[in-house]
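Enquirer: Whatever this is, show me its structure:
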Amino acid sequence: LISSATKSLRMETEILEKKLQDAQMKLAEKDGDREKEIQSLKRLISELEFQLTMEKSNNESFLDKLRKEIKHKSDELEKLNQEKTQLIHSLSQVQEENSLLQDTVRRECEERFELTAALGRAREQVLELRRLSGTLP
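Expert: Residues are numbered from 1 along each chain as shown. Below is the predicted model of the structure:
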């Protein structure tokens with residue numbers, strides 16, 4: 001009975017030891033697979049970090065270009081605004097000068113009209129004097 005129980009316990013122990021070895025092998029495989037997956041994820045993280053760094057660099061470069069372009073456009077706008085102000089001032093001066101010239105032309109035309117009228121009266125008087133002097137002895 002003892003021999004049979006010992007034999008049964010040994011067999012059960014062997015079975016349990018085999019199950020333990022199988023479980024340890026599966027665990028070792030899973031650990032290996034997990035380690036491979038961890039390494040793969042680490043590589044992926046490194047690649048993604050590199051891509052992120054490149055994207056940041058590209059974005060910073062793009063932003064620098066945009067800032068420079070905005071500065072350039074702002075400078076151009078300021079220059080154009082100054083030119084516009086200068087042109088408005090020049091236009092104002094030209095309009096004022098034009099108004100003065102128109103006033104001068106108007107006055108000269110009035111003077112010419114008056115002189116023409118006076119000349120006409122003087123001719124009439126001369127003709128009248130000639131006519132009167134022609135009738136007198």
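
Enquirer: ok, Val105 to Ser99 distance?
Expert: For Val105, the distance to Ser99 (Cβ to Cβ, to the nearest Å) stands at 11 Å. Glycine gets a C-beta too; all of them are placed from N, C-alpha and C.

Enquirer: Could you do Ile15 as well?
Expert: Counting by Cβ to Cβ - Ile15 and Ser99 are separated by 121 Å.

Enquirer: Over to Asn81?
Expert: Remark: distance between Asn81 and Ser99 (Cβ to Cβ) = 27 Å.

Enquirer: With Leu87 instead?
Expert: Counting by Cβ to Cβ, the gap from Leu87 to Ser99 is 18 Å.

Enquirer: Then Leu129?
Expert: Separation of Leu129 from Ser99 (Cβ to Cβ): 44 Å.

Enquirer: Which helix or which strand is home to Ser4?
Expert: Following DSSP states H and E, one finds Ser4 within helix 2-135.
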